[in-house]
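Trainee: fold the following and give me the result.
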Amino acid sequence: MLVTTQHFIPHNKPLHTKHLRLNLWYHPLKRGLFGLVNNAGVANPIGPTEWMGVEDYRKVMSVNTFGVIEVSLAFLPLLKRARGRVVNTSSVLGRLSANGGGYCVSKYTVEAFSDSLRRDMYHFGVKVSIVEPGFFKTAVTNLESIETRQSYGEDFFPNYLKVQKFIMNIICDPDLSKVTNCMEHALQAKYPRTRYSAGWDAKFVWLPVSYLPAFMVDIVLATILPKPAHRAH
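Mentor: Numbers count the residues shown, from 1 in each chain. You can find the predicted model right below:
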C-alpha cells in the first residue's frame, strides 16, 4: 500500500486514533506490518545559504525529515508486532554537504534519526536500513531557476547553474533499479545491511570523499563552484 503523511496522519489527531484508523482500514495489519519504505523527497530550493529563508528550509524538511519521522513513529507498533523492517531513503548528500538549502540538512537528519531508530528497535527485532543513493535522473534532480543576489554579481547565477547542470549531466544515472534493488535486499535479506550505497558515484566518488578531512573537501568545492563577485578574498 502507498502511504502519504498528510492522508494517514492528520496533525490534529492523537496518535492512538491514527493507529485505530489504520487497523480498521487495513485488516491484514492486525498481524503487524513487515516492511515500511520511506522514499518521499524534494530538493528545491537549492543555492547559497545566504539566499535561503527559514521557509525554504521548512518546505524541504517537512517532507524529507518530518515526513520520515512522522510515518515511522505512526507505524512502529505494527512493525514491532511483525518484527519488521524500516528502509529510509537518505542520500550521499546526507554524508557530504555539497550545496546550500534544506536538502543536505534534511538528509543528515534522516541519517541520525535512522541510526537512533535502529538502535532503539534492536531489542524488538525491528531492523532499520538506510539507502544512500547517488545522483539519479528523477524529479528531485531537476533544477529550477534560482533568484540571484546583487552581492554575488550577475555572472554568479548562470555559472552556478552551469556547474550544477554539468555535474547532473555527467553523473545522473537513469537506472533506478540500482536503488530499488537495495530496498528489496533490505526488506528480504535475512541480514540486511545498515547502509546501502546506490549508484557508481555514491560508491566511488561521494562516499570516499566524505571520509576526507573537512578542509580538503572545502578546498575542492570552493574550486569547483563559482565565486561571488564581491568576496572577501
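
Trainee: run through the protein and note the low-pLDDT ranges.
Mentor: 1-30, 134-175, 224-233 (pLDDT under 70).

Trainee: which residues of it fall in helices?
Mentor: 5-8, 15-25, 54-64, 66-82, 102-121, 156-171, 177-188, 200-201, 207-210, 214-224 (DSSP state H).

Trainee: show residues contacting the third one.
Mentor: This means helix 54-64. 5, 40-45, 101-103, 105-107, 109-110 (Cβ atoms under 8 Å, 6 or more residues apart in numbering). C-beta: built from backbone N, CA, C; applies to glycine.

Trainee: just the angle between that helix and helix 102-121, please?
Mentor: 40 degrees (axes from the mean of the first three to the mean of the last three Cα atoms, to 10 degrees).

Trainee: angle of helix 54-64 against helix 66-82?
Mentor: 20 degrees.

Trainee: okay, helix 54-64 in PDB with CA atoms only?
Mentor: The C-alpha coordinates for helix 54-64 follow below in PDB (Å, rounded to 0.1, in the frame of the first residue of the first chain):
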ATOM      1  CA  VAL A  54      13.500  29.800   7.000                       C
ATOM      2  CA  GLU A  55      10.500  28.800   5.000                       C
ATOM      3  CA  ASP A  56      12.800  27.400   2.300                       C
ATOM      4  CA  TYR A  57      14.300  25.000   4.800                       C
ATOM      5  CA  ARG A  58      10.900  24.200   6.300                       C
ATOM      6  CA  LYS A  59       9.500  23.400   2.900                       C
ATOM      7  CA  VAL A  60      12.100  20.700   2.300                       C
ATOM      8  CA  MET A  61      12.400  19.300   5.800                       C
ATOM      9  CA  SER A  62       8.600  19.000   6.200                       C
ATOM     10  CA  VAL A  63       8.800  16.200   3.600                       C
ATOM     11  CA  ASN A  64      12.300  14.800   3.800                       C
END
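
Trainee: list the buried residues in it.
Mentor: For helix 54-64, a neighbour-count test (16 or more other Cβ atoms under 10 Å) marks 56-57, 59-61, 63-64 as buried.

Trainee: need the distance between the two termini of stretch 123-130.
Mentor: 19 Å (Cα to Cα, to the nearest Å).

Trainee: again, but for stretch 119-129
Mentor: End-to-end distance (Cα to Cα), stretch 119-129: 11 Å.

Trainee: ok, stretch 207-223 next?
Mentor: Taking Cα to Cα as the criterion, the two ends of stretch 207-223 lie 19 Å apart.

Trainee: ok, Phe75 touching Phe34?
Mentor: No. Checked against Cβ atoms under 8 Å, the pair Phe75 and Phe34 is beyond contact range at 10.7 Å.

Trainee: which of these two has more neighbours?
Mentor: Phe75 (24 against 15; other Cβ atoms under 10 Å).

Trainee: look up the residues forming beta bridges with the nearest residue to that one once chain neighbours are set aside.
Mentor: Of all residues not flanking Phe75 in the chain, Leu36 sits nearest, at 5.3 Å (Cβ to Cβ, 6 or more residues apart in numbering). Legend: beta-bridge partners of Leu36 under DSSP bridges are Val86.

Trainee: which residues touch Leu36?
Mentor: 71-72, 75, 79, 84-87.

Trainee: check Leu221 too.
Mentor: Ala98.

Trainee: distance check, it against Pro48.
Mentor: Remark: distance between Leu221 and Pro48 (Cβ to Cβ, to the nearest Å) = 12 Å.

Trainee: overlap in contacts of the two?
Mentor: Joint contacts of Leu221 and Pro48 (Cβ under 8 Å, 6+ apart) do not exist.

Trainee: partners of the lengthiest strand in the chain, with directions?
Mentor: For the chain, the strand that runs over the most residues, judged by DSSP state E, is strand 127-133. The pairing partners recorded for strand 127-133 under DSSP bridges are strand 85-89 (parallel), strand 195-198 (parallel).
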